[in-house]
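Trainee: Provided below for reference: sequence and predicted model.
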Amino acid sequence: MATFNVNDLVTRVRRKADMANTNFVSDAEIIEYINEAYNKYYNNLVTSYENYFVTSVAIPMVVGTEDYSLPVDLFKVSVFIFNDASDNRFVLRPFNLIDSNRKKNNITSVVTNYILFGDTVKFVPQPKSASDTVTLYYVPQPTALAAGSTVSLLAGGDEYLVLDAAVSCLMKEESDYSGLEMKAQQKMADITTVLAGRNSDIPLRVSDTETMNIDTFPYIYGA
């Protein structure tokens, strides 16, 4: 990823919209437009499912406690992975409310499932060991850009932000923005094409969610 200064992006937006010598649109407004464009760019990367922004946090288990707070910057959950003191690990499955009682009375001795409730997550069955941990891999919310801050972008993301923000400037001026809008749309399409298949030599495959924990069944169910 390349790093860009927001102030430099503002300057480029002004040049692209032919507003270098006018304050009809303030720098603060342009930064708002850049943020709007960045959110579109960010969402596009997230939905490419190539783990560009994925981070993680460990959630220590508390015996008898089902509910835990989620990170305040959580945008999308990637996966919850259970891990005990012996480094046994497996992927937790989501469950529906209709299954909550059955899951709560699960015969297993470790957490196997989760359900999201607003800003919290419920793990079932109840944790039985304080040495257990669940690691949450997730996509954080996009950071708001401000004057003087920097942003890391790839695959022509800087040009997309400039084009899209310039379109917003021309819309406010009630000038013709169709040409720049077409370029912005094409740039986004180019980004989408480039970002797909990040592992070009060994592409991701379809995941088998039915048997993804089959190797850990003896551990989970004590068989």
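Mentor: Happy to help now that I have it.

Trainee: Around Gln141, how many other residues sit close by?
Mentor: Neighbours of Gln141 under the rule other C-beta atoms under 10 Å: 15. Any C-beta I mention is one placed from the backbone N, CA and C, and that applies to glycine too.

Trainee: list the contacts for it?
Mentor: Counting by C-beta atoms under 8 Å, 6 or more residues apart in numbering, Gln141 touches 73-75.

Trainee: Just the buried residues of those residues.
Mentor: Among the contacts of Gln141, those scoring as buried are Leu74 (criterion: 16 or more other C-beta atoms under 10 Å).

Trainee: Would you format the contacts of Gln141 as TSV with secondary structure included?
Mentor: Listed next are these as TSV, based on DSSP: H, G, I helix; E, B strand; the rest coil:
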residue	secondary structure
Asp73	coil
Leu74	strand
Phe75	strand
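
Trainee: of the contacts of Gln141, closest to Ser48?
Mentor: Lowest distance from Ser48 to those (C-beta to C-beta) belongs to Phe75, with 14.3 Å.

Trainee: Quick one: list the elements packing against the longest helix seen in the chain.
Mentor: Among the elements of the chain assigned as helix by DSSP state H, the one spanning the most residues is helix 27-46. Contacts defined by 3 or more C-beta pairs under 8 Å, 6 or more residues apart in numbering; DSSP states H and E place helix 27-46 against helix 6-16, helix 157-173, helix 178-195.

Trainee: The longest one to helix 27-46, inter-axis angle?
Mentor: Spelled out, it's helix 178-195. 40 degrees (axes from the mean of the first three to the mean of the last three C-alpha atoms, to 10 degrees).

Trainee: thinking again about what came up before, so which of the helices and strands packed on helix 27-46 comes closest to Asn96?
Mentor: helix 178-195 (32.3 Å).

Trainee: Which neighbouring elements make contact with that closest one?
Mentor: helix 27-46, helix 157-173.

Trainee: so Lys172 touches Val25, yeah?
Mentor: Yes - between Lys172 and Val25 there is a contact at 5.9 Å, judged by C-beta atoms under 8 Å.

Trainee: Look at those two and report which has more neighbours.
Mentor: More neighbours surround Val25 than the other of Lys172 and Val25, with 22 against 15 (other C-beta under 10 Å).

Trainee: Skipping its backbone neighbours, what lies nearest that one in space?
Mentor: Cys169 (4.8 Å; C-beta to C-beta, 6 or more residues apart in numbering).

Trainee: got a pLDDT number for the one you found?
Mentor: In this prediction, Cys169 carries a pLDDT score of 98.

Trainee: again with Ser100
Mentor: For Ser100, the predicted pLDDT is 60.

Trainee: The residue nearest to the spatial centre of the chain: what secondary structure?
Mentor: The centroid of the chain falls nearest to Val139 when counting by C-alpha atoms, centre = their mean (2.7 Å). Put simply, Val139 is strand when judged by three-state DSSP.

Trainee: ok, it - contacts?
Mentor: Contacts of Val139 (C-beta under 8 Å, 6+ apart): 46, 53-55, 75-76, 78.

Trainee: Relative to Phe90, which of the helices and strands packed on helix 27-46 is closest?
Mentor: Per C-beta to C-beta, nearest to Phe90 of these: helix 178-195, 29.6 Å.

Trainee: And the contacts of that closest one?
Mentor: So helix 178-195 is in contact with 16-17, 40-41, 44-45, 48, 50, 52, 154-157, 159-160, 163-164, 166-167, 170, going by C-beta under 8 Å, 6+ apart.

Trainee: again, only this time at 6 Å
Mentor: Residues outside helix 178-195 that contact it (C-beta atoms under 6 Å, 6 or more residues apart in numbering): 48, 155-156, 159-160, 163-164, 166-167.
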